[in-house]
Structure formats: C-alpha cells, structure tokens
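Visitor: next comes the sequence, and after it the predicted model I'd like to discuss.
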Amino acid sequence: MLTLTSAELNTWIAAFLWPLTRIIGLISTSPLFGNASIPAQSKIVLSIFLTILIAPNVPAMPAMDPMSLAGLLILLQQLIIGLAMGFVMRIVFAAVEMAGEICGMTMGLGFATIFDPLSQGHSSAISQFLSLMVLLIYLATNLHLVLISSLAASFQTMPILSAPLNGGGLHQLAGWSGRIFSAGVQLSLPIVAALLITNIALGILTRAAPQLNIFGIGFPITISVGFVMIAVTLPYMATPIGNLFQEAINAIQQITTAMLQKTE
C-alpha cells in the first residue's frame, strides 16, 4: 500500500508550484504569449505544459511547506523573477512603438490613433505598423523559443532559494527600461532628420513667397516625405531591432545573475 507523508506531499507540490509561478509570470508579460487577445485559460495550459517539461531538471529546492509564510514568500519571489524576464523583452517592443509615435507626431499624424490590443490603449497608426513589423521579426527569428530557453536556463543560473532577492538585479531592470527612450529616438532619427530638413525648406519657401499657403501645402508634403522615408529605412531596421533583441536576451541573463549574487 502506498503511503505518503505530509513532508513528501509538500515537496511534490512545491516542486511543481514554484517553477509554475515563475513561468506564469513570464508568460503573462512577454510579447506574443502575453497578448491580451490570448485567453487566460490558454496561457495557464501553456504554463503547466512548460512546467511539466522544465520541473524535472530544476535543482533541489528548499524543503518547506509551500503554504507557510516562507513558502509564500518564495512564491512571490518566483513571480517577480518571471515578470521581470518578460518585462525585459517587452521593452524592445515599447521602444519600437515609441519610435513610431515620434515619427507619427513629426509627420503630423499624431491625431491618427487606433486601438492597441497589447497596451489596451490608443496609439498612432505608424506605431501600430512598426509594432506588427517587430512582432514578425520576433517570430521569424524564433526569439519566442529563445525566450523560453532562457527561462529554462534561469532555473540553473538562479535556482529557487529561500534567501531574499538582491536589489541590484531590480536596479539593472530599471536601468534597462531607459532603452525605451534611447532606442526609440535612434530608430526614428533618420525619419525625423528628413522631416526636419523638409520643415526648414518649407520655412525658407514661405519666407521667400509669403503668398503661399503653408498650411495647405506643408501638411501633405510632410506626410509624403514621412512615408517615403519609412519605405526607404524599413529594410534597414531589421539589423538594429535584432541587436535590441540580443541586448534583451543578455539583459535577462545579467539581471537573473545579479539577483542571485547576494544569495550565494
């Protein structure tokens, strides 16, 4: 007759529940998997499936009741780690969306907004276009699989421990958030520079011929120049966006390592 002690049962529950929490945190915030259009039931099923594959290879975990205060603190710790890993990758998408917002406002299309299912808000049409483009790059380069691979490796580089997290990792995460602004400006810089030159030329033209209606000719010209520059620069955006994704993968490894340093 098979008999189980409460300690063995708690060990089995913890061996599944703690990795599941980290995986759910990543799935809920990462691009593609965390899309609001994907049902919550599908995300939970995917998280359970990944846990069944990853949990057998997870290093030994603390022997404690998962429902105790210490066990709940570990549960919260794993949720924070998973959310942070997904948030790092999501920042790349936010940077590209910001580049689209800058281009749209410079072109004069700041009023052309549509509903964004990712952020549950409204964003410009240019931003939505670039967001779909970066999602295609994300899928074409199998970065969604690389992210899951990094998640599985994180259980080796940052095992489940009862010690508190190191604040240095969270500090690095906050620093990485600054890439939203720097990368957004860098991606939009060619288009903004071309539109700046166009506006300067229109200003000189208006000064030379005051009878011209600048509002009548300037608006379609800036929009046309903006679309032409987007078409010209679009083939060259894959390289910097790919570099951003590589930076994000490296940032995930650095942040998880920094979180572990204090606990060793």
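Guide: That came through, no problem.
Visitor: flag the shaky bits of the stretch 1-150 of the chain, pLDDT-wise.
Guide: 1-7, 110-122 (pLDDT under 70).
Visitor: those helices in it, which residues are they?
Guide: Counting by DSSP state H, counting those that start in this stretch, one finds helices in the stretch 1-150 of the chain at the ranges 6-29, 40-54, 69-107, 125-140, 143-157.
Visitor: what helices and strands are in contact with the last one?
Guide: In terms of contacts (3 or more Cβ pairs under 8 Å, 6 or more residues apart in numbering; DSSP states H and E), helix 143-157 is packed against helix 6-29, helix 40-54, helix 69-107, helix 238-261. Heads up, the C-betas are built off the backbone N, CA and C, glycines and all.
Visitor: thought A238 was touching V134?
Guide: No. With contact defined as Cβ atoms under 8 Å, A238 does not count as touching V134 (9.5 Å).
Visitor: looking at the two, which has the bigger crowd around it?
Guide: Set side by side, A238 and V134 show more neighbours around V134, with 24 against 15, by other Cβ atoms under 10 Å.
Visitor: residue nearest the centroid of this protein?
Guide: In the chain, the C-alpha nearest the mean C-alpha coordinate belongs to R90, at 0.7 Å (Cα atoms, centre = their mean).
Visitor: how close does that one get to I180?
Guide: Applying Cβ to Cβ, to the nearest Å, the value for R90 to I180 is 10 Å.
Visitor: related to what we said a few turns ago, reformat the helices and strands packed on helix 143-157 as a markdown table; add distance to A208.
Guide: What follows is these, written out as a markdown table (distance: least, Cβ to Cβ, whole Å):
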| stretch | distance to A208 |
| --- | --- |
| helix 6-29 | 54 |
| helix 40-54 | 60 |
| helix 69-107 | 24 |
| helix 238-261 | 38 |
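Visitor: I148 is nearest to which of the ones you listed?
Guide: For I148, the closest of the helices and strands packed on helix 143-157 is helix 40-54, at 6.9 Å, according to Cβ to Cβ.
Visitor: what about that closest one, distance to the chain center?
Guide: Between the centre of helix 40-54 and the centre of its chain there are 20 Å (Cα atoms, centre = their mean, to the nearest Å).
Visitor: can you check stretch 235-246 too?
Guide: For stretch 235-246 - counting by Cα atoms, centre = their mean - the centre lies 15 Å from the chain centre.
Visitor: next one: stretch 59-73
Guide: That offset, for stretch 59-73, works out to 29 Å (Cα atoms, centre = their mean).
Visitor: and the end-to-end length of it?
Guide: Using Cα to Cα, to the nearest Å, one end of stretch 59-73 lies 19 Å from the other.
Visitor: contacts for that stretch?
Guide: 7, 10-11, 13-15, 17-18, 74-75, 155-156, 159-162 (Cβ atoms under 8 Å, 6 or more residues apart in numbering).
Visitor: are any of those buried, and which?
Guide: 10-11, 14-15, 17-18, 74-75, 155, 160 (16 or more other Cβ atoms under 10 Å).
Visitor: any chance of those in JSON lines, plus distance to A140?
Guide: Shown next, in JSON lines, are the buried ones among the contacts of stretch 59-73 (distance: Cβ to Cβ, whole Å):
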{"residue": "N10", "distance to A140": "44"}
{"residue": "T11", "distance to A140": "42"}
{"residue": "A14", "distance to A140": "38"}
{"residue": "A15", "distance to A140": "36"}
{"residue": "L17", "distance to A140": "35"}
{"residue": "W18", "distance to A140": "34"}
{"residue": "I74", "distance to A140": "37"}
{"residue": "L75", "distance to A140": "36"}
{"residue": "F155", "distance to A140": "28"}
{"residue": "I160", "distance to A140": "34"}
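Visitor: now for those, which pair is the farthest apart?
Guide: N10 and F155 (19.6 Å).
Visitor: looking at the helices of the stretch 1-150 of the chain, which is closest to G216?
Guide: Comparing those by Cβ to Cβ, helix 69-107 comes nearest, at 16.7 Å.
Visitor: now the angle from that closest one to helix 6-29?
Guide: Going by axes from the mean of the first three to the mean of the last three Cα atoms, to 10 degrees, helix 69-107 is angled at 0 degrees with respect to helix 6-29.
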